[in-house]
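[1] Just to be clear, the model below is a prediction. Sequence and coordinates:
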Amino acid sequence: MPLRDYILNHLGWKIGSIISAVLIWFAIYVPNKDSFQSSESRILVSSTMSRTLPVTVITTATDMRGFTITPKEVEVTVRGDSGVLSKLKLSDVQAFVNLTDVKDETNFQKRVNVHTPTTNVVPIRIVPEEVTVQRVSPPESPNHHRTQD
């Protein structure tokens, strides 16, 4: 029997065997390879979640000035493991503006910050990223103290 006939005889079975061997190799090799990947590549299989959150204003305890912000809510999108996100409560993620460094400005823009309960939940989008802050009461003089009625 010539070599050409030997190769072409039952060609469909031979090709099917090669394909099966390659699929079995991938089934064994690929899961082991994934188990050694770094945490940066695992985040690619994570999911995202978006919620509308109220913006909290942070000032020092001695700052008696009043501020209003516009808008009062922002849409926050976080990314994390789907198991962690399914257990995440709305109160676990907080949006805030930090006004502890504000001096005498009366109308300005401030960046919205987001706090998450764990490093496994990462904020990836905040809309809008900044809010307008307006001071609605003047700063108190250092010599003037509030009295309670």
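    Looks like it arrived, so ask away. Numbers count the residues shown, from 1 in each chain.
[2] partners of the helix or strand residue 95 falls within, with directions?
    According to DSSP states H and E, residue 95 maps onto strand 94-98. Counting by DSSP bridges, the strands paired with strand 94-98 are strand 47-58 (parallel), strand 113-115 (antiparallel).
[3] Would you mind pulling the contact partners of the helix or strand following it?
    Per DSSP H and E, strand 94-98 leads on to strand 107-111 as the next helix or strand towards the C-terminus. Strand 107-111 is contacted from outside by 69, 97-99, 102, 129-135, using Cβ atoms under 8 Å, 6 or more residues apart in numbering. Heads up, the C-betas are built off the backbone N, CA and C, glycines and all.
[4] can you redo the residues you listed as JSON lines with distance to residue 111, pLDDT and neighbour count?
    Shown next, in JSON lines, are those (distance: Cβ to Cβ, whole Å; pLDDT from 0 to 100; neighbours: other Cβ atoms under 10 Å):
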{"residue": "69", "distance to residue 111": "12", "pLDDT": "92", "neighbour count": "19"}
{"residue": "97", "distance to residue 111": "7", "pLDDT": "94", "neighbour count": "21"}
{"residue": "98", "distance to residue 111": "9", "pLDDT": "92", "neighbour count": "14"}
{"residue": "99", "distance to residue 111": "11", "pLDDT": "89", "neighbour count": "19"}
{"residue": "102", "distance to residue 111": "13", "pLDDT": "86", "neighbour count": "19"}
{"residue": "129", "distance to residue 111": "6", "pLDDT": "93", "neighbour count": "10"}
{"residue": "130", "distance to residue 111": "5", "pLDDT": "93", "neighbour count": "13"}
{"residue": "131", "distance to residue 111": "8", "pLDDT": "94", "neighbour count": "21"}
{"residue": "132", "distance to residue 111": "12", "pLDDT": "92", "neighbour count": "13"}
{"residue": "133", "distance to residue 111": "11", "pLDDT": "91", "neighbour count": "20"}
{"residue": "134", "distance to residue 111": "16", "pLDDT": "89", "neighbour count": "13"}
{"residue": "135", "distance to residue 111": "17", "pLDDT": "87", "neighbour count": "17"}
